[in-house]
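Trainee: I'll drop the sequence and a predicted model, then ask my questions.
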Amino acid sequence: MERPSEASQSKGSTWKGLLIITASILSCWSQPTSAQDLPVVPEPAYGKEGDNVTLVVRGFSGTPLSYTWYTKLSAEDPKDTEMVMYSVINGSQTPNDIRQRVFPNGSLLIPNLVLNDTKYYTVQMVDTIGNILRGGAQLTVYENLMKPNITINSASNIMENDTVVLTCNTENGNNVGTRWYFKNEKLILNDRMNLSQDNKTLTIMPVKGEDNGDYQCEIWNPIGTNRSDSFHLVVIYGPEEIKLYPNSVNGQIEVTFNENLTLGCEAKSQPPAQYTWQINGSSISGNSGNNYTIYQASWKHEGIYTCMAVNNVTKATISTQNTVKVVEKMDPSGGGSSLSGGAIAGIVIGVLAGVALIGALVYCLFFRKSAGASDHHPTEHKSSAPNHSHLKSDRPPNGTEEVSYASVNFNAQKSSATVQAPTPTETIYSEIKKK
């Protein structure tokens with residue numbers, strides 16, 4: 001005869017066994033009340049190779065008896081494959097020796113994800129009153145992204161107008177996206193660029209000097225990105241677009257007398273251009289580089305300066321020129337002159353010549369007038385009086401005669417002259433002045 005405790009345990013075990021069998025039968029033969037009665041959410045949303053993910057069951061408030069998980073290739077696949085069943089009554093799962101684990105709330109933990117875990121997962125729950133609820137979610141597992149690298153279709157010099165093909169190589173499969181960067185910014189395609197359907201191949205045809213620079217490709221998926229090292233593309237071209245500095249004003253560059261002037265020359269070229277300078281068509285000895293300095297500018301430095309740029313690979317040459325003019329220093333008071341030394345010398349010579357000519361004309365006119373006046377007006381007069389006895393003599397005691405002067409004034413507008421009357425016995429001298 002069985003003891004009461006043993007009978008009780010036996011009845012309990014029997015009861016649990018019956019519940020499990022009942023749940024199994026219901027799960028096999030009963031139809032679910034709705035296809036999506038149980039929301040299932042992957043956490044995190046995407047799986048990463050080697051990481052863990054949990055398919056969380058939500059939205060049920062009743063008393064479950066069991067959870068059964070199934071897998072299929074996609075949500076549209078009609079065939080389910082049972083993976084594991086969990087009994088809520090005894091807290092165990094069958095089979096128990098697999099990687100996946102079911103929690104008491106029905107959620108499924110998938111540790112150490114592999115790419116083959118990418119599937120559609122469905123859960124079916126049976127409660128104590130015989131209801132069967134189902135739900136499911138898609139799980140996608142992405143592989144770890146390996147660093148890509150860029151290769152080019154040619155190992156020799158890339159000349160302008162050639163065709164360039166850059167390829168982004170990766171050890172990852174096709175389940176990744178690819179994008180390109182140029183000079184650390186997302187590449188904007190122009191009408192000479194084309195990408196393959198998978199974006200892994202960039203073709204530039206024809207390639208131009210403006211395409212020189214650093215290229216990178218980046219692979220990505222929903223869980224991360226990985227970018228390649230920079231690939232420096234070198235396109236041989238030029239020289240072109242040559243410029244001379246400083247900028248000219250009215251077609252010339254001015255430098256103040258006795259000051260320095262540095263001329264700069266710049267042209268786009270790869271490899272960088274070599275520069276030479278000329279003045280008035282003659283090479284300047286000992287010069288090289290894109291800068292040329294005139295020290296203590298003087299009039300001899302005036303002229304046309306030419307800069308020539310040459311590419312030693314393409315052998316192409318380009319040049320530009322400008323006129324350099326030397327000007328006087330500005331007047332401290334604010335005035336100044338922009339005339340050259342030659343112009344100033346010419347002005348001075350012209351002024352001196354004019355002054356000399358005017359002086360010569362004045363000299364000739366003056367002496368001709370003076371000679372004519374002397375011929376028509378005698379300067380000495382002698383007179384005597386019939387009676388001298390009654391006149392008082394004005395002679396000095398020593399007996400010398402006193403000389404008197406008369407002033408005769410000629411006016412160009414008058415025909416008469418006024419002469420002071422001489423006294424008797426006096427010698428008269430006349431001083432002639434022309435007005």
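Mentor: That came through, no problem. Numbers count the residues shown, from 1 in each chain.

Trainee: make it CA atoms for all contacts and neighbour counts henceforth
Mentor: OK.

Trainee: looking at this, L361 is in a strand?
Mentor: No. L361 is assigned helix when assessed by DSSP: H, G, I helix; E, B strand; the rest coil, not a strand.

Trainee: quick one: neighbours of it, just the number.
Mentor: 10 (other Cα atoms under 10 Å).

Trainee: same thing with N90?
Mentor: Going by other Cα under 10 Å, the residues that sit close to N90 add up to 12.

Trainee: got it, and N290?
Mentor: Neighbour tally, N290, other Cα under 10 Å: 19.

Trainee: not counting sequence-adjacent ones, nearest residue to it?
Mentor: C265 (4.9 Å; Cα to Cα, 6 or more residues apart in numbering).

Trainee: also I219?
Mentor: T178 (4.5 Å).

Trainee: these two touch, right, T71 and K119?
Mentor: Yes. Between T71 and K119 there is a contact under Cα atoms under 8 Å: 6.5 Å.

Trainee: higher neighbour count, these two?
Mentor: T71 (23 against 18).

Trainee: give me the beta-bridge partners of that one?
Mentor: Beta bridges link T71 to T81, Y121, judged by DSSP bridges.

Trainee: can you show me the strands along the stretch 201-350 of the chain?
Mentor: Assigned strands in the stretch 201-350 of the chain, in chain order: 201-204, 213-221, 224-227, 231-233, 235-245, 252-256, 261-270, 274-279, 282-283, 291-294, 303-310, 317-327 (criterion: DSSP state E, counting those that start in this stretch).

Trainee: G62 - nearest residue in space that isn't next to it in sequence?
Mentor: D127 (7.0 Å).

Trainee: in the protein, which spans are helices?
Mentor: In the chain, the helices defined using DSSP state H lie at 4-29, 341-376.

Trainee: which one of those has the lowest average pLDDT?
Mentor: Ranked by mean pLDDT, the helices of the chain bottom out at helix 4-29, which scores a mean of 43.

Trainee: and the closest residue in space to N116 that isn't next to it in sequence, what is it in contact with?
Mentor: Nearest residue to N116, sequence neighbours excluded (Cα to Cα, 6+ apart): V141, at 7.8 Å. By Cα atoms under 8 Å, 6 or more residues apart in numbering, V141 lies in contact with Y46, G47, K48, E49, L113, V114, L115, N116, D117, T118.

Trainee: run the last query once more with 10 Å
Mentor: Residues near V141 by Cα atoms under 10 Å, 6 or more residues apart in numbering: 45-51, 53, 113-119, 222-223.

Trainee: and if you look at I242?
Mentor: I242 touches C265, E266, A267, K268, S269, C307, M308, A309, I318, S319, T320, counting by Cα under 10 Å, 6+ apart.
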